[in-house]
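Trainee: this one's sequence-less:
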């Protein structure tokens, strides 16, 4: 069983920045792609960003592209989501997820383990 622990959420003003971190308990973390998703109140969970196993390929949703950056440090067993120029519409619970393999995907069904989420609130 893999546990994913997210941290770094909080309250920030519009235009500000936050960096989320996710640390999986698995020592085989470096073999898998990782992703970030978010769920706003009253909305379905949506894809935000993903990174392949080596960190050489990333993909983003159109709503965050150019503002958010996903990265990973396999030596530290951690994946990050740097969020800049935050907007009120970015307010959501953000979830880290582990992919079933090393290839990037945007589909929730391709992720087999999920963190409990961290709240990000952007005030206007």
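Mentor: Cool, the structure landed. It should be emphasised that the depicted structure is a prediction, and the values quoted were computed from it without experimental measurement.

Trainee: from here on, contacts and neighbour counts on C-alpha atoms
Mentor: Fine.

Trainee: quick check, distance from the helix or strand containing residue 48 to the centre of its chain.
Mentor: Per DSSP states H and E, residue 48 falls inside strand 46-51. Its chain's C-alpha centre and that of strand 46-51 lie 6 Å apart, by Cα atoms, centre = their mean, to the nearest Å.

Trainee: Now that strand: average pLDDT?
Mentor: The pLDDT scores in strand 46-51 average 98.

Trainee: Just the strands from this structure, written as ranges.
Mentor: 4-7, 10-13, 18-24, 34-39, 46-51, 58-60, 68-73, 78-83, 92-99, 111-114, 118-123 (DSSP state E).

Trainee: Tell me which residues are up against the shortest one.
Mentor: The list of residues contacting strand 58-60 from outside it, by Cα atoms under 8 Å, 6 or more residues apart in numbering, reads 47-52, 70, 104.

Trainee: if we go to 10 Å?
Mentor: Strand 58-60 is touched from outside by 33-36, 47-52, 65-71, 104-106, with contacts defined as Cα atoms under 10 Å, 6 or more residues apart in numbering.

Trainee: which of these are buried?
Mentor: Among the contacts of strand 58-60, those classed as buried by 16 or more other Cα atoms under 10 Å are 33-36, 47-52, 68-71, 104-106.

Trainee: Nearest spatial neighbour of the residue nearest the centre of the chain, chain-adjacent residues omitted?
Mentor: Geometric centre of the chain, nearest residue: residue 36, 2.4 Å, by Cα atoms, centre = their mean. Closest residue to residue 36 apart from its sequence neighbours, by Cα to Cα, 6 or more residues apart in numbering: residue 96 at 4.7 Å.

Trainee: Residue 122: how many residues sit nearby?
Mentor: Residue 122 has 20 neighbours, counted by other Cα atoms under 10 Å.

Trainee: now swap in residue 99 and tell me
Mentor: Residue 99: 27 surrounding residues under other Cα under 10 Å.
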